[in-house]
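1. Give me the fold of what follows.
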Amino acid sequence: INEKYQETLFLITELTNRLNANKRSEVVMGAIIKGIVLGVEEHIRDWLKSENIEKKDFFKCIKRFKVSSHQFEPYYKMIQPNISNNDFFVQMKKLCEENDSLEKYLMIYYHSRNYLAHNNINMFEFFVIENDTRLIAILLDAITIIIYLLGEKYLNMTKEDN
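-> Residues are numbered from 1 along each chain as shown. Alright, predicted model coming up:
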């Protein structure tokens, strides 16, 4: 529906193909996931330009998807900004095990975005399979949900304009 999300969706497809390949390069896959995550952040900020919202605190940006929800706080507090790499992955795995909810997936994206943007990254942990689950797969689910929500917001805005 909105062509600006096509690049992100094609990058998700490319990353999925690389995840399923026999030979993988963590460096290349790491660059792709960083590009996807930071690109989605730009899509969120672009959407918020029309909302007249303070965009300095990215947590407030994420909360705009479901403003009245009180369920963000426990997920937000699970992972502190200066957490070590090992503790980040322990806490992220706990977050991934929570019951499915919009808040859970938005916070998986939020915490992954902060980790990828500000830390020394352990890409192996992002791509490792544990209990038939990869953090990267859950993160891609979260990004797909965000793209869907942004598409819905875009659709609603264009309907209101007509």
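2. Show me where this protein has its strands.
-> Assigned by DSSP state E, the chain shows strands spanning 129-130, 133-134.
3. Out of those, which gets the lowest mean score?
-> Lowest mean pLDDT within the strands of the chain: strand 129-130, a mean of 62.
4. quick one: residue 106 and residue 64 touch, right?
-> No - the criterion here is C-beta atoms under 8 Å, and residue 106 misses it with residue 64 at 9.9 Å. In short, each C-beta sits where N, CA and C put it, glycine included.
5. quick one, which of the two is more surrounded?
-> The neighbour comparison of residue 106 against residue 64 (other C-beta atoms under 10 Å) goes to residue 106, with 24 against 16.
6. What separation do you get for that one and residue 128?
-> 23 Å (C-beta to C-beta, to the nearest Å).
7. Quick check: buried residues in stretch 136-155?
-> Residues 136-140, 142-143, 145-147, 149-150, 153-154 are the ones in stretch 136-155 that count as buried (16 or more other C-beta atoms under 10 Å).
8. Show me the contact partners of that stretch.
-> Under the criterion C-beta atoms under 8 Å, 6 or more residues apart in numbering, residues 1-2, 5, 8-9, 12, 15-16, 19, 29, 33, 36-37, 40, 43-44, 47, 65, 96, 102, 105-106, 108-109, 112, 126-127 lie in contact with stretch 136-155.
9. pLDDT averaged over it - what is it?
-> Mean pLDDT, computed over stretch 136-155, is 86.
10. Grab the CA positions of it and hand them over as CSV.
-> Taking Å, rounded to 0.1, in the frame of the first residue of the first chain, the C-alpha atoms of stretch 136-155 are listed here in CSV:
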residue,chain,number,x,y,z
ILE,A,136,16.0,-12.5,15.3
ALA,A,137,12.8,-14.3,14.3
ILE,A,138,10.9,-12.7,17.1
LEU,A,139,12.4,-9.3,16.3
LEU,A,140,11.3,-9.7,12.7
ASP,A,141,7.8,-10.5,13.9
ALA,A,142,7.8,-7.3,15.9
ILE,A,143,9.0,-5.3,12.9
THR,A,144,6.3,-6.9,10.7
ILE,A,145,3.7,-5.9,13.2
ILE,A,146,5.0,-2.3,13.3
ILE,A,147,5.0,-2.1,9.5
TYR,A,148,1.4,-3.4,9.6
LEU,A,149,0.4,-0.8,12.2
LEU,A,150,2.1,2.0,10.3
GLY,A,151,0.3,0.9,7.1
GLU,A,152,-3.0,1.0,9.0
LYS,A,153,-2.2,4.5,10.3
TYR,A,154,-1.3,5.6,6.8
LEU,A,155,-4.6,4.1,5.4
